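[1] Here's my sequence, what's the structure:
(one chain, ligands or ions: 2)
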Amino acid sequence: MHYKLRYNQQHPPVQGKLFFILTILLFVLAVSCSENEEYPQYNPPSDHNISKDGVMHKPGLSDPEMNCTNCHGADLTGGTSQVSCYECHGAEW
Ligand code: HEC
Ligand code: HEC
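    Residues are numbered from 1 along each chain as shown. Ligands and ions are numbered 1, 2, ... in the order given. A predicted model of the protein is given here:
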């Protein structure tokens, strides 16, 4: 009787700790996955100083046909930079 009581009292905190650790592990996993796999990684010039979810864009991004075609191609599919806007964006332009 005495043993059973102690057993029941000790278990909830242990399970709480386990759940806490598992939650942190899952969170770390989710974050590292999204950083490594969601978008391709490039090495843009330093004038690409506007971060969009960690992806660096050059100022003037709202008018790409005006500001980005020199390097990303007239149709924005890569050009000399070889980085297509459509790798990450839908058919927006
Ligand atoms: C002078 C040339 C040039 C112009 C103009 C230019 N880019 Fe780039 N951009 C590059 C180069 C070079 C890279 C990197 C290529 C590589 O790493 O292989 C790049 C990469 C990028 C990336 C990927 C960055 C990353 O962190 O992965 C984005 C987004 C981008 N450019 C957006 C833009 C936008 C938006 C514009 C217009 C407002 C623009 N660029 C204009 C040359 C240019
Ligand atoms: C490596 C991935 C990647 C590339 C390549 C890329 N973008 Fe983006 N861009 C993003 C992300 C991520 C965001 C932020 C989330 C969103 O708004 O969709 C973003 C946001 C934007 C926005 C702002 C949208 C808003 O509503 O705030 C514009 C405009 C834009 N990008 C233009 C461009 C142009 C133009 C190019 C090509 C020159 C380009 N992007 C290339 C990933 C990328």
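[2] what residue ranges in this protein score low on pLDDT?
    Scanning the chain for pLDDT under 70 picks out 1-14, 32-37.
[3] Could you chop it up by domain?
    For the chain, automatic domain parsing gives the domain ranges 1-38, 50-87.
[4] Return the distance of the last one from the chain's centre.
    On the basis of C-alpha atoms, centre = their mean, to the nearest Å, domain 50-87 sits 19 Å off its chain's mean C-alpha point.
[5] That one and ligand 1 in contact?
    Yes. Applying C-beta under 6 Å from any ligand atom, one finds domain 50-87 touching ligand 1 at 55-58, 60-61, 64, 67-68, 70-72, 81-83. All C-beta spots, glycine's among them, are computed from the backbone N, C-alpha and C.
[6] mind putting the domains of the chain in CSV, mean neighbour count and distance to ligand 2 included?
    Shown next, in CSV, are these (neighbours: other C-beta atoms under 10 Å; distance: least, C-beta to the nearest ligand atom, whole Å):
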stretch, mean neighbour count, distance to ligand 2
domain 1-38, 9, 8
domain 50-87, 13, 3
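[7] Determine which of those domains approaches Pro44 most closely.
    The closest approach between Pro44 and any of these, judged by C-beta to C-beta, belongs to domain 50-87 at 4.8 Å.
[8] Show the end-to-end separation of the closest one, please.
    Length of domain 50-87, first residue to last, C-alpha to C-alpha, to the nearest Å: 18 Å.
[9] is it true that His72 touches Gly78?
    Yes. With contact defined as C-beta atoms under 8 Å, His72 reaches Gly78; the gap is 6.6 Å.
[10] want to throw the domains of the chain into TSV with distance to Pro44?
    Formatted as TSV, the domains of the chain follow (distance: least, C-beta to C-beta, whole Å):
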stretch	distance to Pro44
domain 1-38	17
domain 50-87	5
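[11] just the helices in this protein please.
    Per DSSP state H, the chain carries helices over the ranges 2-37, 64-67, 69-72.
[12] which residues does Glu65 contact?
    Counting by C-beta atoms under 8 Å, 6 or more residues apart in numbering, Glu65 touches 76, 93.
[13] 7 Å instead, please
    Trp93 (C-beta atoms under 7 Å, 6 or more residues apart in numbering).
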